[in-house]
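Asker: heads up, no residue letters with this:
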C-alpha cells in the first residue's frame, strides 16, 4: 500500500530582504532613501501530491521578492504600516497563501538601536 504525504504546516519565507526605500513622515526621510529590512512568513496550503515538481503549483518566493521591488517604484510611502499592507495585498493575491506575517524594520533611525519597526499578521478574508 502506497502512503500519501500530508503537509501539516507549510511556510514560504523571505528573510532579511534589505532595500533602500523612500519611507517616513519626517522631511529628512522624504529627501533620501533609507535602509529597510523586510521579513515575510507566508502560511500556505497545497496538496503535496499535486506539486509535480512544477513551480506553478507552489508559492513562488521569486514573485514575492520581485513584487516588493516593483512596489518601490511607485513612490514615497509615509508609514511602514502602509508598506506592510501593500506587501500583504501582494502576497494574498496568490490563493495558496492563507495568511502572512510581515516584519518591516528601519535600520538607520537611532544610533543606539539595530532597528525599529513593526510586525503585522494578515489573514485572508473570504467574502
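Answerer: Structure's in. What do you need? These numbers were taken from a predicted model, which means no experiment stands behind them.

Asker: residue 114: how many residues sit nearby?
Answerer: The burial count assigned to residue 114 is 8, neighbours taken as other C-beta atoms under 10 Å. All C-beta spots, glycine's among them, are computed from the backbone N, C-alpha and C.

Asker: neighbours around the residue nearest to it when sequence neighbours are not counted, how many?
Answerer: Closest residue in space to residue 114, ignoring its immediate chain neighbours: residue 107 at 7.3 Å, by C-beta to C-beta, 6 or more residues apart in numbering. Residues near residue 107, counting by other C-beta under 10 Å, number 15.

Asker: show me where this structure has strands.
Answerer: 10-21, 34-44, 97-106, 116-123 (DSSP state E).

Asker: just give me how far the last one sits from the chain centre.
Answerer: Spelled out, that is strand 116-123. When C-alpha coordinates are averaged (C-alpha atoms, centre = their mean, to the nearest Å), strand 116-123 and its chain have centres 10 Å apart.

Asker: pull out the buried positions in it.
Answerer: The neighbour-count check on strand 116-123 (16 or more other C-beta atoms under 10 Å) flags 117, 122 as buried.

Asker: ditto for the second one
Answerer: Applying a neighbour-count criterion of 16+ other C-beta under 10 Å, one finds 34, 36, 37, 38, 39, 40, 41, 42, 43, 44 buried in strand 34-44.
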